[in-house]
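Enquirer: Sequence first, then the predicted structure:
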Amino acid sequence: KQEVTQIPAALSVPEGENLVLNCSFTDSAIYNLQWFRQDPGKGLTSLLLIQSSQREQTSGRLNASLDKSSGRSTLYIAASQPGDSATYLCAVHQGGSEKLVFGKGTKLTVNP
Amino acid sequence: ETGVTQSPTHLIKTRGQQVTLRCSSQSGHNTVSWYQQALGQGPQFIFQYYREEENGRGNFPPRFSGLQFPNYSSELNVNALELDDSALYLCASSSLKAGANEQYFGPGTRLTVT
């Protein structure tokens, strides 16, 4: 059974700091991995999708890496801003299945 | 391009009642998935519909059922509501193809069962 773990559960940083969010998964047989952002009480916004054959994806100040063999992904946020404050969720699309398996998320607070 | 929409935004029901939640998929997408997100948890997969047929189901009881219509919109029905059904219900649409299945989520429906 696929399990996804995100560390840390919460993170508070000053504005301008570079930071890394971690995601690990137990079964490496995945199609892809997605990082999402969720604002309080809202839906999920897709940030980055990494196919199983890829090592990383970049969008603006965000960079996500994937090491499928070790079951790890990281989301790097450069020059953090207060507007980045949200919960960040990692999800893997399990091979042979139609579902996304999510971690519990990392709640990020960027202080002005 | 129209995004994923869900209705209603909020809903309050009493234990034992039935509820129907609705989702309109993103333009060009033929697959809809439903997730339940309890407070402080990650979303849990309920089921997926592809071309009006159920195409995978998570660990949810039969009182959770769904439909997909020819225009690819979808409904989630929950019978005999329990207090633990209180959650944010998320709908995601995608275009099903092998190996790549980026899912786009709607804003969710907040269900409160009292």
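Expert: Cool, got the structure. Numbers count the residues shown, from 1 in each chain, chains lettered A, B, ... in the order given.

Enquirer: so the most centrally placed residue in chain B bridges to which residues?
Expert: Centroid check for chain B by C-alpha atoms, centre = their mean gives residue B:34 as the closest residue, at 2.9 Å. Legend: beta-bridge partners of residue B:34 under DSSP bridges are residue B:47, residue B:91.

Enquirer: Now do it, the pLDDT please.
Expert: Here the pLDDT value assigned to residue B:34 is 97.

Enquirer: how far away is it from chain A?
Expert: 10 Å (C-beta to the nearest C-beta, to the nearest Å). All C-beta spots, glycine's among them, are computed from the backbone N, C-alpha and C.

Enquirer: same thing with residue B:12?
Expert: For residue B:12, the distance to chain A - C-beta to the nearest C-beta - is 15 Å.

Enquirer: how about that residue, what does it touch?
Expert: B:112-114 (C-beta atoms under 8 Å, 6 or more residues apart in numbering or on different chains).

Enquirer: does it count as helix, strand or coil?
Expert: strand (DSSP: H, G, I helix; E, B strand; the rest coil).

Enquirer: Now render the contacts of residue B:12 as a markdown table, adding secondary structure, pLDDT and neighbour count.
Expert: What follows is the contacts of residue B:12, written out as a markdown table (DSSP: H, G, I helix; E, B strand; the rest coil; pLDDT from 0 to 100; neighbours: other C-beta atoms under 10 Å in any protein chain shown):
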| residue | secondary structure | pLDDT | neighbour count |
| --- | --- | --- | --- |
| B:112 | strand | 97 | 12 |
| B:113 | strand | 98 | 19 |
| B:114 | coil | 97 | 10 |
